[in-house]
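K.L.:
got a predicted structure plus its sequence, pasted below:
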Amino acid sequence: MTAKEYKEFKGLRKESLRDNMSDIEVLLADIGEITTRELAKKHKPYGLNENRKIAKAGGEVASNTRKDIEEKLGENVISKDNKLNYQYINDNKKLESTVS
């Protein structure tokens, strides 16, 4: 998912996506980002198309890692749950935290 799609999936408006991820979700994002960075260092892509290929490869590593974890756990690790448990209390976009 793109960041925008992921925020919609989690029901977020302006809140930080990363702040609302579980530990495993953050770990998977980090794996994709770090892998992409290391691939870029090694292959030195030039231009948008080459950089997209590198980013896709980094994302595939994170995707494969997610699938491996889900297979071992027997459940999905990506969820609509928000770590900070915000709930919108009206259409004026005021937030109320449900964290005790």
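P.N.:
Cool, the structure landed.
K.L.:
only C-alpha atoms from now on, for both contacts and neighbour counts.
P.N.:
Will do.
K.L.:
what about residue 22, distance to residue 28?
P.N.:
Using Cα to Cα, to the nearest Å, one gets 10 Å for the distance from residue 22 to residue 28.
K.L.:
let me redo that: residue 76
P.N.:
Taking Cα to Cα, one finds residue 76 at 13 Å from residue 28.
K.L.:
again with residue 43
P.N.:
As for residue 43, its distance to residue 28 is 22 Å (criterion: Cα to Cα).
K.L.:
ok, these two, which is more surrounded?
P.N.:
For residue 43 versus residue 28, the count of surrounding residues by other Cα atoms under 10 Å is larger for residue 28: 21 against 11.
K.L.:
look up which helix or strand that one falls in, please.
P.N.:
Secondary structure assignment for residue 28, by DSSP states H and E: helix 23-43.
K.L.:
how far does that helix sit from its chain's centre?
P.N.:
On the basis of Cα atoms, centre = their mean, to the nearest Å, helix 23-43 sits 11 Å off its chain's mean C-alpha point.
K.L.:
the longest helix in the chain is where?
P.N.:
Longest helix of the chain, by residue count under DSSP state H: helix 47-73.
K.L.:
just want the angle from that helix to helix 23-43.
P.N.:
Inter-element angle recorded for helix 47-73 and helix 23-43: 140 degrees (by axes from the mean of the first three to the mean of the last three Cα atoms, to 10 degrees).
K.L.:
ok, now which ones touch the most centrally placed residue in the chain?
P.N.:
With distances taken as Cα atoms, centre = their mean, residue 29 lies nearest the centre of the chain, 4.9 Å away. Residues near residue 29 by Cα atoms under 8 Å, 6 or more residues apart in numbering: residue 62.
K.L.:
model confidence score at residue 3, please.
P.N.:
We note a pLDDT of 86 for residue 3 in this prediction.
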